[in-house]
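Colleague: whatever this is, show me its structure:
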Amino acid sequence: MGGAVAGAAAGSSGATGSSSRTPPSTALTLPDGSHYTVEVMLGRAVATRAGSPCAQVPVSGRYDVPVTLVVRNTGTSAAPQPPLGLLLEDDPKLPLEVAAIAIQGGACEDFLLTAYTIAPGGELTYVGTVSSASRTSRLVVNLKGQPLAHTSDTRALVVPLI
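Modeller: Take a look at the predicted model:
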């Protein structure tokens with residue numbers, strides 16, 4: 001699957017679709033003292049393959065939801081990109097349900113690479129798709145390598161998709 005990072009510069013925006021909801025966001029502080037804000041913007045759910053990166057044809061009765069993930073460095077010095085992962089919670093979960101964003105190099109993944117640095121006040125923006133989501137699906141953004149987060153976990157940003 002292909003795709004590309006949308007606007008990997010400060011002040012960029014890569015929102016696909018539109019939503020009247022206020023984008024969910026959370027503050028994040030890593031053990032090294034780096035401070036971030038993580039924001040998730042959702043496009044309109046469609047019952048066909050979304051035109052956003054990483055989209056797959058949804059299972060019948062399910063939806064593709066375009067997703068934009070913005071990571072802002074709110075600290076006063078340059079900081080490494082935080083090791084964030086994307087999880088999809090749903091009951092029942094189907095094998096074809098996928099949450100993926102286009103990372104550097106164009107690959108579609110469910111995590112961010114950490115080799116990049118974000119300037120103070122800068123941000124990185126990624127676009128992707130949650131494929132085959134149901135009306136009860138939730139996107140969970142948490143620190144990669146941590147125990148799996150669930151909707152009751154306060155360390156994660158949990159976003160209802162539809």
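Colleague: where does the nearest residue to residue 101 once chain neighbours are set aside sit, in terms of helix or strand?
Modeller: Sequence neighbours aside, residue 128 is the residue nearest to residue 101 in space, at 3.2 Å (criterion: CB to CB, 6 or more residues apart in numbering). Glycine gets a C-beta too; all of them are placed from N, C-alpha and C. Secondary-structure assignment from DSSP states H and E places residue 128 in strand 123-133.
Colleague: what stretches of this protein score poorly on pLDDT?
Modeller: 1-21, 92-96, 145-155 (pLDDT under 70).
Colleague: let's go with 50 and repeat that
Modeller: For the chain, residues meeting the criterion pLDDT under 50 lie at 1-19, 149.
Colleague: middle-most residue in it, spatially?
Modeller: Closest to where the C-alpha atoms of the chain average out (CA atoms, centre = their mean) is residue 69, at 4.1 Å.
Colleague: kindly state the beta-bridge partners for that residue.
Modeller: With DSSP bridges as the criterion, the beta-bridge partners of residue 69 are residue 40, residue 126.
Colleague: what sits against it?
Modeller: The contact partners of residue 69, taken as CB atoms under 8 Å, 6 or more residues apart in numbering, are 38-40, 84, 86, 101, 125-128, 141.
Colleague: all strands of this structure, in order?
Modeller: 25-29, 35-42, 63-73, 79-80, 84-89, 98-102, 108-109, 117-118, 123-133, 138-143, 157-160 (DSSP state E).
Colleague: can you tell me how far residue 135 is from residue 123?
Modeller: Distance of residue 135 to residue 123, computed by CB to CB, to the nearest Å: 31 Å.
Colleague: higher neighbour count, these two?
Modeller: With other CB atoms under 10 Å as the criterion, residue 135 and residue 123 differ in neighbour count, and residue 123 comes out ahead with 21 against 12.
Colleague: residue 159 is in contact with residue 42, isn't it?
Modeller: Yes: Residue 159 is in contact with residue 42 according to CB atoms under 8 Å; the separation is 7.0 Å.
Colleague: what about the residue lying closest to residue 66 once chain neighbours are set aside, neighbour count?
Modeller: Ranked by CB to CB, 6+ apart and with sequence neighbours excluded, the top spatial neighbour of residue 66 is residue 43, at 3.1 Å. When counting by other CB under 10 Å, one arrives at 20 neighbours for residue 43.
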